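Trainee: predicted model, plus sequence, below.
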Amino acid sequence: MTEDARAQDAAAWSDFWARNSASEANGCLPERWAAIEEAQKRAWRGFIAGLPEGARVLDLATGDGRVLRWMREARADLVLEGIDLAPELPPAPDGTKIQGGVEMEFLPFDDSSFDAVVSQFGFEYGDTSATAAEIVRVLKPGGTAGLMVHRGDGPILEHNRARQVQIDWVLGEVNAAGAVRKALNTPGAGAGVAAQVAAALAILGEAKFGSSSPAWEIPEALRRACIMGEKDGPQSVEATITAITDQAANEIGRIKSLAGACATADDRPALIAAFGVHGMGLRETTEVREPSGRALAVGRSP
């Protein structure tokens with residue numbers, strides 16, 4: 001990954017956590033996430049059950065620290081730390097420590113510092129060979145790693161690819177932002193007419209993709225901005241349009257990154273080999289399944 005691409009990823013994820021830190025929603029499968037989280041919690045509780053008393057655990061690409069929080073709830077004796085590429089993150093869960101702006105490939109820890117290193121949907125986003133080397137370096141002799149990685153045939157990528165189609169439709173095919181801007185800046189039209197244009201596009205988006213889709217959410221947000229703009233002026237509407245399109249671009253970037261991560265994670269032999277060259281072998285592989293029985297991830301313990 002180039003420095004520019006890494007910086008873009010960091011900015012996109014900072015934006016994601018800034019907008020999602022106030023809730024428990026994951027943003028990947030919001031309507032189904034509660035049940036999926038239970039499956040993830042069970043997997044991590046099983047992993048930490050065998051760790052020694054007072055074990056020090058490092059979570060890679062920790063995000064909002066939810067894995068650390070689950071572990072803390074199950075075992076208060078663990079010393080829990082996390083790192084993430086995003087420089088701006090939500091506050092660390094109580095009893096844990098998180099550092100932002102840290103690359104998995106260059107961990108700021110001494111050799112043999114941790115009893116366990118874990119990652120939930122993070123390891124496969126980076127340079128897996130370099131990250132595997134760092135994991136082995138910071139683990140104590142006899143330490144263990146637990147990696148929950150994406151899978152290309154799972155519901156998370158499927159859901160997000162659907163969102164990408166919807167965003168492409170509303171901002172590309174029908175050009176909602178451009179249509180609203182045109183009405184906003186047309187003499188005799190202004191914010192009131194722009195709100196009507198956005199409302200019509202929201203109806204189209206809902207009919208085509210549903211009321212929980214970006215195809216409805218985006219023009220509805222534009223409509224509300226236009227209504228506020230009748231009082232605050234067109235500049236406030238323009239600022240909101242820019243913010244909405246920037247957020248959409250960030251989401252498209254994250255979805256593309258997710259697709260790449262799934263492809264990396266699906267190459268199981270390469271992941272195993274990345275640890276094997278450092279003398280660390282695979283102990284166990286377990287599928288993590290949602291209540292329907294569909295596998296959403298793969299848990300691996302090198």
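Mentor: Perfect, I can see it now.
Trainee: the helices in this protein, which residues?
Mentor: 3-20, 33-48, 66-74, 128-138, 155-168, 176-184, 190-209, 214-232, 234-266, 268-276 (DSSP state H).
Trainee: buried ones in the fourth one?
Mentor: Think helix 128-138. By neighbour count with 16 or more other Cβ atoms under 10 Å, helix 128-138 contains the buried residues 128-129, 131-136, 138. In this view, the C-beta of every residue, glycine as well, is placed from N, C-alpha and C.
Trainee: pLDDT (mean, whole number) over it?
Mentor: Averaged across helix 128-138, the pLDDT comes to 98.
Trainee: got the contact list for it?
Mentor: 58, 60, 104-107, 109-114, 117, 123, 145, 264, 270-271, 274-275, 277-280, 302 (Cβ atoms under 8 Å, 6 or more residues apart in numbering).
Trainee: mind running it again at 6 Å?
Mentor: If you take Cβ atoms under 6 Å, 6 or more residues apart in numbering as the criterion, helix 128-138 is touched by 104-105, 107, 109, 111, 113-114, 117, 145, 274-275, 278, 280.
Trainee: angle of that helix against helix 234-266?
Mentor: 80 degrees (axes from the mean of the first three to the mean of the last three Cα atoms, to 10 degrees).
Trainee: same thing with the second one?
Mentor: The directions of helix 33-48 and helix 234-266 differ by 40 degrees, with the same axes, to 10 degrees as the criterion.
Trainee: what about helix 33-48, distance to the chain center?
Mentor: In this view, helix 33-48 has its centroid 17 Å away from the chain centroid, taken as Cα atoms, centre = their mean, to the nearest Å.
Trainee: go on, the last one?
Mentor: How far helix 268-276 lies from its chain's middle: 24 Å, per Cα atoms, centre = their mean.
Trainee: that one packs against which elements?
Mentor: helix 128-138 (3 or more Cβ pairs under 6 Å, 6 or more residues apart in numbering; DSSP states H and E).
Trainee: from the chain's centroid, how far away is the helix it packs on?
Mentor: 22 Å.
Trainee: can you say which of the contacts of helix 128-138 are buried?
Mentor: Neighbour counting over these (16+ other Cβ under 10 Å) leaves 104-105, 107, 109, 113-114, 117, 145, 274-275, 280 as the buried ones.
Trainee: now for the contacts of helix 128-138: which two are most distant?
Mentor: Among the contacts of helix 128-138, the pair separated by the greatest distance (Cβ to Cβ) is Ser113 and Ala274, at 20.1 Å.
Trainee: ok, so of the buried ones among the contacts of helix 128-138, who is nearest Glu230?
Mentor: So of these, ranked by how close each gets to Glu230 (Cβ to Cβ), first place is Met104, at 47.9 Å.
Trainee: list of residues touching stretch 34-49?
Mentor: The contact list for stretch 34-49 (Cβ under 6 Å, 6+ apart) reads 67, 70-71, 74-75, 146, 288, 290-291, 299.
Trainee: looking at these, which is nearest Pro155?
Mentor: For these, the closest approach to Pro155 (Cβ to Cβ) belongs to Glu290, at 6.7 Å.
Trainee: returning to what we had before: between the helices of the chain, which gets nearest to Lys97?
Mentor: Per Cβ to Cβ, nearest to Lys97 of the helices of the chain: helix 66-74, 8.7 Å.
Trainee: got the CA coordinates for that closest one in CSV?
Mentor: Extracted C-alpha coordinates of helix 66-74, given in CSV (Å, rounded to 0.1, in the frame of the first residue of the first chain):
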residue,chain,number,x,y,z
ARG,A,66,-15.3,-3.6,21.1
VAL,A,67,-13.2,-6.8,21.2
LEU,A,68,-11.3,-5.3,24.1
ARG,A,69,-14.6,-4.4,25.8
TRP,A,70,-16.0,-7.9,25.4
MET,A,71,-12.8,-9.4,26.8
ARG,A,72,-12.9,-7.0,29.7
GLU,A,73,-16.4,-8.0,30.5
ALA,A,74,-15.5,-11.7,30.6
